[in-house]
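Asker: predicted model and sequence follow; I will ask about them next.
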Amino acid sequence: MKNLFILLALSILTFTSYAQVTETVDKEKLFDLYQSQRYADAAQYLKGIYGENVNDFKILSQMGYCFLMAGNHVEAEKLYTKAYALQPQNLSILFSLGNINTKRGNTEKARLYYGEIVKIDSNNFNVYKLLANLYQSPKDDSLKLNYLLKANFINPLEGDVAADLAELHSSFQQYEKAYRVLDIAIKGDGDNLVLQRAKLPIANQLKKYGEVIASGEKLLKDGADAGVIKDVAKAYYYTKKYPKAIALFKELEAAAMENEATLYYTSLSYRALKDYNRSALYTKKTIDEAISPNTSSYYALLGLVYEENNQLALASAAYKKGLQFKATPTLYYRLAVFYDTSLKQGKNALKYYNLYLKSRPSLADDKEEIRFSKGRIAQLNLTD
């Protein structure tokens, strides 16, 4: 009985002490700090009052929120973790811990906290959306798809999820599904231009060219978006309106936004109009666009590797293949040295040393190569 009274007295003392502490909080000051978004000051203010060893859920949550809003994720996580230990099924705490770990790059921990929310509330749209965003690698596409499908089922009108889900369906070439997802979302938000733009390439894949042209032309009135121009131009091409297709593709070219595909369709359009000269010109442009500007450098490296491995026939073929893409000073020099030192073919070496000097190598960066080439040219000429 004596022990019971002691425990009761301690409980009353603890409660009285807590009540006295809470009375020292200046609510008006705290409100002003919140209003002015001075969350770091608010966090320090609360910490100064309550100290380090807080075990009250509400106080931990409040302090954690202040530190989180102030950008101090380390302190915020410490406080929210303590709150989580007290109430492990509190959705607000779980969301906060998931958010903090996402921001800190701790994806696995974030998934675990969001996974706890799913166990508690299997119809929570936000958690499925957040989980989907945590799976960015192509190898995780099936998991990402699963969460997007669940989020979209709960709220099919939400634009971000609809766009992401349609993009993923398209990557699996499930264009009908992608189209249907976007169609439903657009019906709920007819002014959402992001969804309308996302729908155009999918509609093209489904050969809904009339829809692409009608919708795309309206979108173009709001601004010359390169993606929209390309999709509308392709729709014009497929409906055999070649001059309109060319006009739009030329807009991309004028804005330096052309690519291999747009040049290819321009070439096809000119061919359909029997303008073979322009078709040939754009076919060449397509080929140039398709080839990486670094291809010749890659072949130069490949030739050097073969040469160093004493695979001389392969080295010669690699160097010469590189010249077919772009005749660079590096390739001419490598061929000159290759014929000079590896194959001992003076005439061929002389030819490529001269081509190297004519190709205008950098006087600043290639001084040693230029000096060596001139010296070898003089020696090889004497030998002849």
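Answerer: Alright, I've got the coordinates.
Asker: count of neighbours near residue 320?
Answerer: Other residues within reach of residue 320 by the criterion other CB atoms under 10 Å amount to 13. For the C-beta atoms, the positions are set from N, CA and C on the backbone; glycine is no exception.
Asker: make 149 the starting number, not 1.
Answerer: Noted, 149 is the first residue going forward, which turns the last one into residue 468.
Asker: where's stretch 496-511 relative to the chain centroid, distance-wise?
Answerer: Distance, stretch centre to chain centre, for stretch 496-511: 42 Å (CA atoms, centre = their mean, to the nearest Å).
Asker: domains of the protein?
Answerer: By the record's domain assignment, the chain is partitioned as 357-438, 444-531 (automatic domain parsing).
Asker: for the record, mean pLDDT for the longest one?
Answerer: If you average the pLDDT over domain 444-531, you get 92.
Asker: ends of it, what's the gap?
Answerer: Counting by CA to CA, to the nearest Å, the length from the leading to the trailing residue of domain 444-531 is 32 Å.
Asker: show me how far it is from its chain's centre.
Answerer: 40 Å.
Asker: quick one on the thing from earlier: want to throw the domains of the chain into TSV with distance to residue 259?
Answerer: As requested, these are arranged in TSV below (distance: least, CB to CB, whole Å):
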stretch	distance to residue 259
domain 357-438	32
domain 444-531	39
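Asker: so how far is residue 436 from the residue nearest the centre of the chain?
Answerer: In the chain, the centroid-proximal residue (CA atoms, centre = their mean) is residue 284; its distance is 9.0 Å. Residue 284 is 33 Å from residue 436, where distance means CB to CB, to the nearest Å.
Asker: next, the buried residues of stretch 425-437.
Answerer: Of the residues in stretch 425-437, those with enough neighbours to count as buried (16 or more other CB atoms under 10 Å) are 427, 430, 431, 433, 434, 437.
Asker: these two touch, right, the last one and residue 401?
Answerer: No - counting by CB atoms under 8 Å, residue 437 does not reach residue 401; the two are 10.8 Å apart.
Asker: now do the shared contacts for these two.
Answerer: Residues touching both residue 437 and residue 401 (CB atoms under 8 Å, 6 or more residues apart in numbering): residue 411.
Asker: before we move on, back to that, nearest spatial neighbour of the residue nearest to the centre of the chain, chain-adjacent residues omitted?
Answerer: With CB to CB, 6 or more residues apart in numbering as the measure, residue 292 is the residue that lies nearest to residue 284, at 7.8 Å, once sequence neighbours are left out.
Asker: before we move on, what about residue 210?
Answerer: The shortest distance from residue 210 to any residue other than its chain neighbours is 6.6 Å, reached at residue 194 (CB to CB, 6+ apart).
Asker: ok, residue 304 next?
Answerer: residue 332 is the one closest to residue 304 (CB to CB, 6+ apart), at 5.0 Å.
Asker: element containing that neighbour?
Answerer: Secondary-structure assignment from DSSP states H and E places residue 332 in helix 323-336.
Asker: likewise for residue 380?
Answerer: Secondary structure assignment for residue 380, by DSSP H and E: helix 374-386.
Asker: what comes up buried for the helix or strand following that helix?
Answerer: Next helix or strand after helix 374-386 toward the C-terminus (DSSP H and E): helix 390-402. For helix 390-402, the neighbour count (16+ other CB under 10 Å) marks 390, 392, 393, 394, 396, 397, 399, 400 as buried.
Asker: now swap in stretch 486-505 and tell me
Answerer: For stretch 486-505, a neighbour-count test (16+ other CB under 10 Å) marks 486-488, 494, 496-501, 503-505 as buried.
Asker: can you check stretch 187-197 too?
Answerer: If you call a residue buried by 16+ other CB under 10 Å, then stretch 187-197 has these buried ones: 187, 189, 190, 191, 192, 193, 194, 195, 197.
Asker: let's see which of the residues you listed end up in helices.
Answerer: Among the buried residues of stretch 187-197, the residues falling in helices (DSSP state H) are 187, 189, 190, 191, 192, 193, 194, 195, 197.
Asker: Serialize those residues to TSV and add fields for distance to residue 232 and pLDDT.
Answerer: As requested, those are exported to TSV (distance: CB to CB, whole Å; pLDDT from 0 to 100):
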residue	distance to residue 232	pLDDT
187	21	90
189	26	91
190	21	89
191	18	88
192	23	90
193	24	89
194	19	90
195	19	87
197	22	89
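Asker: show me the contacts for residue 401.
Answerer: Residues near residue 401 by CB under 8 Å, 6+ apart: 410, 411, 414.
Asker: for the protein, name the helix or strand with the lowest mean pLDDT.
Answerer: When the helices and strands of the chain are scored by mean pLDDT, DSSP states H and E, helix 150-171 comes last with a mean of 37.
Asker: which of the residues in the following helix or strand past it are buried?
Answerer: Towards the C-terminus, the helix or strand next in line after helix 150-171, according to DSSP H and E, is helix 175-183. The neighbour-count check on helix 175-183 (16+ other CB under 10 Å) flags 178, 181 as buried.
Asker: over to stretch 381-389?
Answerer: Here stretch 381-389 shows 381, 382, 383, 384, 385, 389 as buried, counting by 16+ other CB under 10 Å.
Asker: closest one to residue 364 out of those residues, please.
Answerer: Proximity of the buried residues of stretch 381-389 to residue 364 was ranked by CB to CB; the top entry is residue 383 with 6.9 Å.
Asker: the closest one against residue 352, yeah?
Answerer: Yes - when contacts are counted by CB under 8 Å, residue 383 is listed as touching residue 352 (6.0 Å).
Asker: so what sits against both of the two?
Answerer: Shared contacts of residue 383 and residue 352, defined by CB under 8 Å, 6+ apart, are found at residue 360.
Asker: hmm, residue 280 and the residue nearest to residue 284 touching each other?
Answerer: Yes - Residue 292 is within contact range of residue 280, at 5.2 Å (criterion: CB under 8 Å).
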